[in-house]
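> any chance you could fold what I've pasted below:
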Amino acid sequence: MTMSLLLLIETATTSCSVALAQQGQILAIKELNERNIHAEVITVFIEELFNTVGKTYNDLDAVAVSSGPGSYTGLRIGISTAKGLCFALDKPLIAVETMQSMADGMAAELTGDNTALLCPMIDARRMEVYTALFDAQGNRIRPTSAEIIDEHSFADLLADHHHQVLFFGDGAEKCKELLGRYPNVRFDTGFTNSAAHLAATAQKKFEAAAFEDVAYFEPFYLKDFIAGKKAL
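Here you go, the predicted structure:
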């Protein structure tokens, strides 16, 4: 594994979270889950991280950021901060898709059941969520999409009782009434997005030199998927 010091930034939801990771291991983390505070605290949190671990900005090897989907404002703040640091420091930019980082975070918390299916959800609007599907190890099964949740959502998935399906993230709460009737469904509405969840994928991308073009990189807003209504 390539030795590396990565700054990790997560602002796709109400959580403003930043961390420093070395060789995929978290050295320090600062986070606050509160609406509309990203712009106010993100640079302060980053400065505190470096002071905590005794590193400087020049020690960084790359900056990794949660790329979306999620809150338009949150994503813009996180990604503009990441790009600004990359420009100033001449460091590469790594993008970690938000659903992937959520799945990685939940997979790390699971104990015992290695057959559960993971369905991260970010609240979009009304009964809409951004979501995807992963196995218990965080491997993607279905692509990220915007879904309007009704009684027919995920019907094919939930009819198969061979797997527990775990819905989690800040979009899961509003789905409980419609989807909670299935015996193989579980909900984790206490899950919070964290920069720590970016570490594993960011390290893999760093080793593969899978970097973004800093000048042209934009958040993954998933705008093209919002207009229609479809079920997984």
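
> so where do the strands sit in this protein?
Along the chain, counting by DSSP state E, strands occupy 5-10, 15-22, 25-33, 62-66, 93-96, 117-125, 128-134, 140-148, 165-168, 185-188.

> quick one: closest of these to T73.
strand 15-22 (11.3 Å; C-beta to C-beta). The C-beta positions use only the backbone N, C-alpha and C, and glycine is treated the same way.

> got a markdown table for the strands of the chain, with distance to F220, mean pLDDT and mean neighbour count too?
Listed next are these as a markdown table, based on distance: least, C-beta to C-beta, whole Å; pLDDT from 0 to 100; neighbours: other C-beta atoms under 10 Å:
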| stretch | distance to F220 | mean pLDDT | mean neighbour count |
| --- | --- | --- | --- |
| strand 5-10 | 14 | 98 | 26 |
| strand 15-22 | 17 | 97 | 24 |
| strand 25-33 | 21 | 96 | 16 |
| strand 62-66 | 9 | 98 | 29 |
| strand 93-96 | 8 | 98 | 24 |
| strand 117-125 | 12 | 94 | 24 |
| strand 128-134 | 10 | 96 | 23 |
| strand 140-148 | 8 | 95 | 17 |
| strand 165-168 | 20 | 95 | 22 |
| strand 185-188 | 23 | 92 | 16 |
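
> figure out which of these is closest to V53.
Of all those, strand 25-33 comes closest under C-beta to C-beta, at 4.9 Å.
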